[in-house]
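**Student:** sharing a model prediction with you, sequence too.
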Amino acid sequence: MKAELGTNPSYTWRGIFEASGVLRAGLRRRIGNGLSTRVWSDPWLAGTKTHKVLSPRGEADESIVVADLLSADGRDWNVHKVRTLFLPFEQSYVLNTRINREDCEDDWVWNLEKDGTYYVKSAYRALVGDNVAEEGQSNVDRNMWVWKRIWKTDMRNKVVFEGTKVSVDKCVKRVSELLREMAGLREAVEEKRQGGEQEGVDKRGACVRWCKPVQGLMKINVDARVAERSGLGIGAVYRDEMGGIRWGWAERRRAEFEPSVAEAEAMLAGVRMARRMKMTDVCMETDCKDVIDAITSRRTGRSDFHSVISDILLASSHFRSVSWSFVRRNCNHVAHELAHFCPIGSSNLFDGTTLPRSIIDIANADLI
């Protein structure tokens, strides 16, 4: 990354050197213990274009590393140090950069892919300026399916082999029919995959109403709230087989993660609190499908999101039994309200007798 072009570079080395600019633009340090990432020279800030610190160093030590900005236990930012060293606009970026709390080393991640892994295709897209999102691939697949069907129709054969003219209206009508056919096929495949819609479960496998856990299980619903200048709100509710609330957890951190990372952080907080309260058999629920899919598939990656998922899997390995469920938003109302409850920089642990009346009313509505 720091090599020079030289005075008489070969054609191969020149090509590699030219591509290094793309690598520098896409690579970022993921913070673990912070010991190997230099504050002033390495790219490590989340949410910025260059990921490098722009605040003037002033009289600060040039060699300080990110670990010097962390709290004594290395699990959170030292807010006072951050406020002292960085300009106001950059302080929020520092506080929003996730720390991997499982005491791992700092690492490189590829910031141009969701999973943080480097792929040649994403480097190529960056090099040629093609910023088409991966989500657009589904549209490409759909268009290719339609065009292949048109290619095989009599309409195309008549135009190509017989010189027959076909009106634009007729072509549009045929394309519309094919799109409807494709939509119907997709719906049928999805319904078959889910085994049909079962009672209390929609076609995506999500619960459509909150249900009590079986005897001996504690059901834990979690949710996150992210709002500009309002920090990250987390809510978790712990309910027994009768539907009663044993505990409620609410906290508001000085961070503004991406939504999927925030939801994963909420799940991690719910799991850790369950461990702290010595729970052994739990059922975890969230209204974020990305989190459930990543946990159940044990999907690996190098991004902040996958870092949180790894923390969740590690923390949950201490349970005797654990299950993971995706639910609709209306099944997650109590956790949702708790995520809005705390002022920034605070947390609250409630038992069933100290919960706010508004939260109790929402929980009781689940049982009707």
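**Tutor:** Arrived safely. Residues are numbered from 1 along each chain as shown.
**Student:** low pLDDT regions in the stretch 1-150 of the chain?
**Tutor:** Along the stretch 1-150 of the chain, the model assigns pLDDT under 70 to residues 1-24, 101-103, 118, 123-150.
**Student:** mind listing the helices for it?
**Tutor:** Using DSSP state H, counting those that start in this stretch, the helices found in the stretch 1-150 of the chain span residues 11-26, 79-85, 88-96, 120-128, 137-151.
**Student:** check which residues of stretch 285-302 are buried.
**Tutor:** 285-288, 290-292, 294-295, 301-302 (16 or more other C-beta atoms under 10 Å). For the C-beta atoms, the positions are set from N, CA and C on the backbone; glycine is no exception.
**Student:** make TSV from those residues and add pLDDT and distance to R253 to it.
**Tutor:** What follows is those, written out as TSV (pLDDT from 0 to 100; distance: C-beta to C-beta, whole Å):
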residue	pLDDT	distance to R253
E285	96	21
T286	96	18
D287	93	20
C288	93	17
D290	93	20
V291	95	17
I292	95	22
A294	94	21
I295	96	21
G301	82	23
R302	80	23
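**Student:** quick one: the strands in the chain?
**Tutor:** Taking DSSP state E as the test, the strands found in the chain are 27-30, 107-110, 218-227, 231-239, 245-253, 281-286, 321-326, 347-351.
**Student:** closest one of the buried residues of stretch 285-302 to R57?
**Tutor:** R302 (28.8 Å; C-beta to C-beta).
**Student:** surely the closest one touches V109?
**Tutor:** Yes. Counting by C-beta atoms under 8 Å, R302 does reach V109; the two are 4.4 Å apart.
**Student:** okay, now the unreliable bits of the stretch 201-350 of the chain?
**Tutor:** For the stretch 201-350 of the chain, residues meeting the criterion pLDDT under 70 lie at 201-207, 228-229, 256.
**Student:** helices along that one, start to end?
**Tutor:** Under the criterion DSSP H, counting those that start in this stretch, the stretch 201-350 of the chain carries helices at the ranges 259-276, 289-296, 304-316, 333-339.
**Student:** which among the ones you listed is found nearest to D68?
**Tutor:** Comparing the helices of the stretch 201-350 of the chain under C-beta to C-beta, the one sitting nearest is helix 304-316, at 21.1 Å.
**Student:** next, the angle from the closest one to strand 281-286.
**Tutor:** 160 degrees (axes from the mean of the first three to the mean of the last three C-alpha atoms, to 10 degrees).
**Student:** circling back: which neighbours do R302 and V109 share?
**Tutor:** Listed as contacting both R302 and V109 by C-beta atoms under 8 Å, 6 or more residues apart in numbering are 30, 116.
**Student:** please name the residues that touch W247.
**Tutor:** Contact partners of W247, counting by C-beta under 8 Å, 6+ apart, are 237-238, 273, 277, 349-352.
**Student:** try 10 Å this time
**Tutor:** The neighbours of W247, taking C-beta atoms under 10 Å, 6 or more residues apart in numbering as the test, are 218, 220, 236-239, 273-274, 277, 279, 349-352, 354-355.
**Student:** buried ones among these?
**Tutor:** Buried by 16+ other C-beta under 10 Å: 218, 220, 236-239, 273-274, 279, 350, 355, out of the contacts of W247.
**Student:** need the max-distance pair from the residues you listed.
**Tutor:** Greatest spatial distance in the buried ones among the contacts of W247: M279 and L355, 18.3 Å, computed using C-beta to C-beta.
**Student:** distance of W247 relative to M279?
**Tutor:** Shown here: W247 relative to M279, a distance of 9 Å by C-beta to C-beta, to the nearest Å.
**Student:** joint contacts of the two?
**Tutor:** Residues touching both W247 and M279 by C-beta under 10 Å, 6+ apart: 218, 220, 238, 273.
**Student:** from these, which is closest to L27?
**Tutor:** Closest approach to L27 among the shared contacts of W247 and M279 (C-beta to C-beta): M273, at 34.7 Å.
**Student:** what separation is there between A227 and G32?
**Tutor:** For A227 relative to G32 (C-beta to C-beta), the value is 28 Å.
**Student:** of the two, who's got more company?
**Tutor:** Just comparing A227 and G32: by other C-beta atoms under 10 Å the higher neighbour count belongs to G32, 21 against 10.
**Student:** which ones are touching the residue lying closest to that one once chain neighbours are set aside?
**Tutor:** Using C-beta to C-beta, 6 or more residues apart in numbering and skipping the chain neighbours, the partner closest in space to G32 is C104 (4.0 Å). By C-beta under 10 Å, 6+ apart, the residues touching C104 are 30-33, 307, 310-311.
**Student:** most neighbours, which of these?
**Tutor:** For those, the largest neighbour count, defined by other C-beta under 10 Å, is 27 neighbours, found at I31.
**Student:** so what's that one bridging to?
**Tutor:** Assessed by DSSP bridges, I31 has beta-bridge partners I99.
**Student:** what separates it from R302, distance-wise?
**Tutor:** Separation of I31 from R302 (C-beta to C-beta): 13 Å.
**Student:** same check, this time on E241
**Tutor:** 40 Å.
**Student:** can I assume I99 is in contact with N78?
**Tutor:** No. Look at I99 against N78 with C-beta atoms under 10 Å: they stay out of range, at 11.2 Å.
**Student:** what do those two both touch?
**Tutor:** Shared contacts of I99 and N78 (C-beta under 10 Å, 6+ apart): 69-71.
**Student:** just give me the closest of those residues to H336.
**Tutor:** Nearest to H336 among the shared contacts of I99 and N78 is S71, at 29.2 Å by C-beta to C-beta.
**Student:** ignoring the adjacent residues along the chain, who's closest to that closest one?
**Tutor:** N78 is the one closest to S71 (C-beta to C-beta, 6+ apart), at 5.3 Å.
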